[in-house]
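Engineer: Give me a model of this one.
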Amino acid sequence: MDFTLSEEQTEVAALAARILSDRCTPEALAEAEAGGDRFDADLWATLAGADLLGLCLPEVDGGGGFGVLEATLLCQEVGRTAAPVPLWSTLMLGALPVARHGSPALRADLLPRVAAGELVLTAALAEAGGSLPPTAPTTTAERADDGTWRLTGAKHQVHSAHLAAGTTGGAGATVGGTGVAVRMLVPATTGDPASRGSVTVFVVDPSADGVTVEPQVGPDLEPVSTVRLEGVVVGADAVVGEVGGGAAVVDTIVALGVAGICARQAGTCDAALRIAAAFTSERKQFGSPIATFQAVAHRLADAYIDTEGIRLTSLAAAWALDEGVAAEEALAVAKVWACDAGQRVVHGCQHVHGGIGVDTEYPLHRFFRAAKAAEHILGTVHPHLVDLGSRLVAEAPS
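Structural biologist: Next up is the predicted model:
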């Protein structure tokens, strides 16, 4: 399988890299982190102005007509620069699922605004305990006589919800001050909870009446929120796909989200490795750069192999999703590499730095945090290994 990028794909990645690298200096990142929202509105507007936010959306919706693979290349560059922008949540959890499953009216309402940088999208999938799959939510939606829906429940670890201006936090406090509009894709049970056909996905405004957003700080300092819904009213036009057809929408959100976070992990590990390579080439002991010491060289060589493994497996998963072929096994492999190899890379890079590796004034810590955040999103490696092993056993000849 040839994963050599086309000329257009190379240009897309290069443009994103140039914009993000120019803006995401250590000083700019520190300022974004100090602000609490971890959101650079000017950078978001610059990405929109370069048409990178609409690049992967269908042409019929005002986009550039590219696909999942190009979107993951953008995620990779975000990981490489630790850029404080909600690109992963907006494209992978929101815009691309809406493009695949949304009605023409819903796509016309949301997607042009995403491309213009006026709207951030996300998905609210996780619930208490994390034991239930996203396609079996305890959040409920009841239909009223006028055709509207009333949603009740709680979602956890929701990315980007805090960015909505005027959202209500705990004890009635107002949170959010970016002024950007935000919409969440929220799965809810609309029928028999035992049936896969009972799930429907709705578009919800985090600043709507009855929504409470409680931000917490994630491992990479990005706020993630608990979102509580108390009789939140949405219209019939807020349904993504068909009523009762939400399981397929959730499957798409999860698959695209995994592909995007694995690609972001590839960029994160590449950045950490480059920092380590530069440091060990300059740091001297016994009159020689420590990069010439066999133990250090072997550690970084292993990190390079792991980084390439993460990059290639994430590309394989994105390619499968783009081509519409079975992607479950490719996604399982990508998750294993992103979780397991990702931790080996950042721990190795930190190790060769010695004490400076844990200094939060030194840029390496951002990528260590980002790699841990990716592992938290994907889950630990062992369930993924079990899932992959089960798939391989099922495919083996009897």
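Engineer: Just give me the longest helix of this structure.
Structural biologist: In the chain, ranked by residue count with DSSP state H as the criterion, the top helix is helix 246-282.
Engineer: which residues of the chain fall in helices?
Structural biologist: Under the criterion DSSP H, helices of the chain are mapped to 7-23, 26-34, 41-49, 68-81, 87, 96-101, 104-115, 246-282, 294-323, 328-336, 342-353, 364-378, 381-395.
Engineer: Distance check, the nearest residue to residue 71 once chain neighbours are set aside against residue 263.
Structural biologist: Closest residue to residue 71 apart from its sequence neighbours, by C-beta to C-beta, 6 or more residues apart in numbering: residue 56 at 4.2 Å. Just so you know, the C-beta spots here come from the backbone N, C-alpha and C atoms, and that holds for glycine as well. From residue 56 across to residue 263, the span is 12 Å (C-beta to C-beta, to the nearest Å).
Engineer: okay, those two: which has more neighbours?
Structural biologist: Counting neighbours by other C-beta atoms under 10 Å for residue 56 and for residue 263 shows that residue 263 has the greater number, 32 against 26.
Engineer: The closest residue to that one other than its chain neighbours: how many residues sit nearby?
Structural biologist: Nearest non-adjacent residue to residue 263, counting by C-beta to C-beta, 6+ apart: residue 72, 3.7 Å away. One way to gauge burial is a neighbour count; for residue 72, by other C-beta under 10 Å, it gives 32.
Engineer: thought residue 72 was touching residue 314?
Structural biologist: Yes - when contacts are counted by C-beta atoms under 8 Å, residue 72 is listed as touching residue 314 (6.2 Å).
Engineer: quick one: contacts for the residue nearest to residue 263?
Structural biologist: By C-beta atoms under 8 Å, 6 or more residues apart in numbering, the contact list for residue 72 reads 259, 260, 262, 263, 314, 315, 318.
Engineer: Out of those residues, which two sit at the greatest distance?
Structural biologist: With distances taken as C-beta to C-beta, the most widely separated pair in these is 260 and 315, at 12.2 Å.
Engineer: Give me the angle between the longest helix of the chain and helix 328-336.
Structural biologist: Computed with axes from the mean of the first three to the mean of the last three C-alpha atoms, to 10 degrees, the direction of helix 246-282 lies at 40 degrees from that of helix 328-336.
Engineer: ok so, going back, out of the helices of the chain, the one nearest residue 127 is which?
Structural biologist: When these are compared for distance to residue 127 using C-beta to C-beta, the nearest one is helix 246-282, at 12.2 Å.
Engineer: for the closest one, the distance to its chain's centre please.
Structural biologist: The chain centroid and the centroid of helix 246-282 are separated by 9 Å, computed with C-alpha atoms, centre = their mean, to the nearest Å.
Engineer: now stretch 206-220
Structural biologist: For stretch 206-220, the distance between its averaged C-alpha position and the chain's averaged C-alpha position is 17 Å (C-alpha atoms, centre = their mean).
Engineer: List the contacts of the closest residue to residue 222 other than its chain neighbours.
Structural biologist: Spatial nearest neighbour of residue 222, excluding adjacent residues (C-beta to C-beta, 6+ apart): residue 38 at 5.0 Å. Residues near residue 38 by C-beta under 8 Å, 6+ apart: 32, 84, 221, 222, 223.
Engineer: can you put those in JSON lines and add neighbour count, pLDDT and distance to residue 376?
Structural biologist: Converted to JSON lines, the contacts of residue 38 look like this (neighbours: other C-beta atoms under 10 Å; pLDDT from 0 to 100; distance: C-beta to C-beta, whole Å):
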{"residue": "32", "neighbour count": "23", "pLDDT": "89", "distance to residue 376": "20"}
{"residue": "84", "neighbour count": "24", "pLDDT": "96", "distance to residue 376": "18"}
{"residue": "221", "neighbour count": "19", "pLDDT": "88", "distance to residue 376": "13"}
{"residue": "222", "neighbour count": "23", "pLDDT": "90", "distance to residue 376": "11"}
{"residue": "223", "neighbour count": "21", "pLDDT": "92", "distance to residue 376": "14"}
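Engineer: Contact partners for residue 153?
Structural biologist: Residues in contact with residue 153 (C-beta under 8 Å, 6+ apart) are 127, 137, 138, 139, 140, 188, 228, 229.
Engineer: returning to that earlier point: ok, so of the contacts of residue 38, who is nearest residue 276?
Structural biologist: Taking these together and measuring to residue 276 by C-beta to C-beta, the closest member is residue 221, at 21.3 Å.
Engineer: From what I see, the closest one and residue 33 are in contact.
Structural biologist: Yes - contact between residue 221 and residue 33 holds when scored by C-beta under 8 Å: they sit 5.1 Å apart.
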